[in-house]
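**Q** Fold the stuff below for me.
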Amino acid sequence: MESHGTAVLFGFLIAAAVILLVMAAIAKSTHEPSIAQTIVQPRGYRLRRGWLWALAAVAVVAFAISLPSFPYGNAATLSGPHFAIVAMQYGFQTPQSVPSHTPIVFDVSSRDVNHGFGIYDPAGHLIAQVQAMPEYVNHLPITFARPGHYLVRCLEYCGIAHASMQGGFDVQ
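**A** From the prediction side, this is the model:
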């Protein structure tokens with residue numbers, strides 16, 4: 001075990017020496033006469049503007065490429081039965097039961113403040129979540145593979161009794 005520690009120490013010392021040599025070379029190269037800012041500034045602004053446009057182009061291309069993969073569809077195109085979920089301080093209005101092995105859609109909203117709508121499977125694992133907001137409906141498409149009792153917990157701090165805010169439903 002000591003030989004391993006010695007090898008790590010020597011590796012660190014070698015890496016530190018290389019870094020010090022690089023820093024010394026950089027310091028030595030900066031002993032040239034200064035260039036006036038009026039000469040450097042226009043080039044710096046051109047370079048910065050070019051990087052900005054390049055970054056903007058990459059962001060637009062990345063957005064365009066990833067747009068079809070967004071998980072949020074139009075509510076009219078979501079197939080399956082819809083179940084209304086209403087979050088309120090400090091509980092949820094949920095259906096008593098939903099079908100298993102069938103695509104369904106939870107239409108999630110809030111009566112008062114923002115809440116999180118997190119669904120936990122019978123084993124206690126978080127399997128889906130969406131934001132519950134007042135005057136807005138989020139659509140959460142889901143297919144339950146296993147029957148059982150699923151627990152719903154609030155995932156966003158919504159007030160003093162947030163920690164006890166939960167509900168549930170059965171998947172049959």
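
**Q** and after the lowest-mean-pLDDT helix or strand in the chain, which helix or strand comes next?
**A** Within the chain, no helix or strand scores below helix 2-29, which has a mean of 89 by mean pLDDT, DSSP states H and E. Proceeding N to C from helix 2-29, the next assigned helix or strand is helix 37-66, under DSSP states H and E.

**Q** Mind giving me the packing neighbours of the very next helix or strand once past that next one?
**A** Note on helix 37-66: by DSSP H and E, the next helix or strand toward the C-terminus is strand 82-88. Secondary-structure packing of strand 82-88 (3 or more CB pairs under 8 Å, 6 or more residues apart in numbering; DSSP states H and E): strand 91-93, strand 104-110, strand 115-120, strand 126-132. All C-beta spots, glycine's among them, are computed from the backbone N, C-alpha and C.

**Q** which stretch among the ones you listed comes nearest residue 5?
**A** strand 126-132 (41.5 Å; CB to CB).

**Q** In that closest one, which residues are buried?
**A** By 16 or more other CB atoms under 10 Å, the buried positions in strand 126-132 come out as 129-132.
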